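Engineer: The following comprises the amino acid sequence and a computationally predicted model.
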Amino acid sequence: MAQVLILGGQGRIGQSVAADLLTYTQAELVLTGRTPRPQPAEPSRVRFLALDLADQPNLEAAIRASQLVIHCAGPFRYRDTQVLKTCIASGVNYLDVSDDRSFTQNALQLRSAAESAGVTAVVNTGVFPGISNSMVRLGAEQFETIDQIHLSYIVSGSGGSGVTVMRTTFLGLQHPFSAWIDGRWQSVKPYTAPETVDFPQPYGKAAVYWFDMPEAFTLAEAFPAQTVITKFGSLPHLYNHLTWITAHWFPEKLMQQSGTIEFLAKVSHAMTSVSDKFTGIGVAMRSEVRGQKQGQPACHLATFAHEKTAIAAGHGTGSIAQFLLSGELQKPGVWSIEQALPTVLFERAMHERGLVIQQQWSCD
């Protein structure tokens with residue numbers, strides 16, 4: 001029976017990934033965290049392992065004992081690619097839920113090494129990035145030429161995630177980032193250019209803003225689009241105002257201090273722990289692809305919503321793990337999710353999990 005090592009498996013995203021694997025695979029799971037946990041009293045496919053990622057000898061031993069490693073120990077802004085390098089050296093397939101541009105860029109540079117080792121490594125799995133990228137592929141692969149990809153997300157309150165995700169949000173406000181606009185890379189300031197887009201119910205119309213995500217460059221690499229737009233927003237809308245103030249009024253040097261990020265993350269987590277009771281902890285996503293289809297202008301719209309963001313992320317990553325364990329997905333190298341996962345497998349995974357991607361050929 002295959003063994004899957006989930007780094008950060010005791011966190012909320014890691015637990016959601018584990019729940020999906022227990023449902024859709026027969027794998028035995030090893031969930032790591034920094035602190036020891038008692039092992040299940042009854043026979044179980046799950047066991048816990050106290051492991052610090054800085055403990056290289058024990059990390060290597062845990063990886064070598066596994067057939068698949070799933071890296072859920074964020075925030076990835078602070079992570080290097082040592083786990084991935086160890087997987088490649090050990091011949092073990094790899095997934096992660098990374099959501100940071102620099103981490104993703106460094107991981108993708110290991111593509112040739114992973115290909116030579118016969119290791120399939122897929123980064124940015126989860127819900128956004130993750131399911132969102134595959135939604136773009138649903139539309140993009142049906143066009144002869146692509147003018148624009150517009151990918152937007154909205155999250156209610158905390159999204160059911162812990163303080164780590166809050167840290168990631170504020171880290172994304174620290175610097176301008178490069179976006180692919182009109183066929184060239186241009187600098188964009190985070191949380192600018194607000195626009196209102198229409199998400200599935202119960203979310204409806206909501207404001208979204210430019211935000212730095214790995215999709216901003218991986219989608220530009222995967223598909224020949226002239227423009228790739230990635231935007232994010234929160235519910236209730238008050239949180240957008242507070243985030244905008246943080247991005248535009250706080251001094252840059254202050255935002256670059258780890259203590260500031262930690263303070264903002266903890267305050268935000270405390271606030272959302274209250275508002276979650278009223279707003280819920282769901283996510284909605286909208287992928288809009290415009291281009292030429294059969295010689296005519298066309299627009300493909302795909303939308304998705306889930307009442308619990310962390311559970312949706314678990315389904316996104318768990319489904320990729322399912323296909324790696326079954327051997328249905330084999331693509332040696334390091335890839336973003338939209339480069340690795342064929343649409344036929346994506347659609348099957350969504351159907352098996354009761355997740356609905358609404359599609360239409362109209363964006364008006």
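Structural biologist: Yep, it's here.

Engineer: Leaving out sequence neighbours, find the closest residue to residue 131.
Structural biologist: residue 316 (4.5 Å; C-beta to C-beta, 6 or more residues apart in numbering). Heads up, the C-betas are built off the backbone N, CA and C, glycines and all.

Engineer: ignore the last one, residue 195
Structural biologist: Nearest residue to residue 195 in three dimensions, chain neighbours excluded: residue 208, at 6.4 Å (C-beta to C-beta, 6+ apart).

Engineer: tell me the phi and psi of the one you found?
Structural biologist: phi -130, psi 160 (degrees, to the nearest 10).

Engineer: contacting residues for it?
Structural biologist: 152-154, 194-197, 231-233 (C-beta atoms under 8 Å, 6 or more residues apart in numbering).

Engineer: Nearest to residue 184, out of these: which one, please.
Structural biologist: residue 231 (19.4 Å; C-beta to C-beta).

Engineer: Nearest residue to that closest one in space, please, no chain neighbours.
Structural biologist: Residue 231's closest residue in space is residue 208 (C-beta to C-beta, 6+ apart), at 3.8 Å.

Engineer: how far does stretch 104-120 stretch from start to finish?
Structural biologist: This stretch, stretch 104-120, spans 15 Å end to end (C-alpha to C-alpha, to the nearest Å).

Engineer: Can you give me the distance of the residue nearest to residue 231 to residue 348?
Structural biologist: Per C-beta to C-beta, to the nearest Å, residue 208 is found 30 Å from residue 348.

Engineer: Please state the backbone phi and psi of the nearest residue to residue 352 once chain neighbours are set aside?
Structural biologist: Setting aside the residues directly before and after it, residue 352 is nearest to residue 24 in space (C-beta to C-beta, 6+ apart), at 6.9 Å. Per-residue torsions, residue 24: phi -110, psi 0 (degrees, to the nearest 10).

Engineer: distance of residue 24 from residue 215?
Structural biologist: According to C-beta to C-beta, residue 24 stands 25 Å off from residue 215.

Engineer: And residue 30, by the same measure?
Structural biologist: According to C-beta to C-beta, residue 30 stands 30 Å off from residue 215.

Engineer: the more surrounded of these two?
Structural biologist: Set residue 30 next to residue 215 and count neighbours by other C-beta atoms under 10 Å: residue 215 wins out with 30 against 21.

Engineer: where does that one land on pLDDT?
Structural biologist: For residue 215, the pLDDT comes out at 95.

Engineer: Quick check: which element contains the closest residue in space to residue 34 that isn't next to it in sequence?
Structural biologist: Spatial nearest neighbour of residue 34, excluding adjacent residues (C-beta to C-beta, 6+ apart): residue 52 at 5.7 Å. Using DSSP states H and E, residue 52 sits within no helix or strand.

Engineer: remind me which residues of the stretch 1-150 of the chain are low pLDDT?
Structural biologist: Across the stretch 1-150 of the chain, residues meeting the criterion (pLDDT under 70) sit at 41-43.

Engineer: Now do the strands for it: every range, in order, please.
Structural biologist: Counting by DSSP state E, counting those that start in this stretch, the stretch 1-150 of the chain has strands at residues 3-7, 28-33, 46-50, 68-71, 93-96, 120-123, 145-156.

Engineer: For the last one, which strands pair with it and how are they oriented?
Structural biologist: Read that as strand 145-156. Next to strand 145-156 in the sheet, as set by DSSP bridges, lie strand 225-235 (parallel), strand 283-293 (antiparallel).
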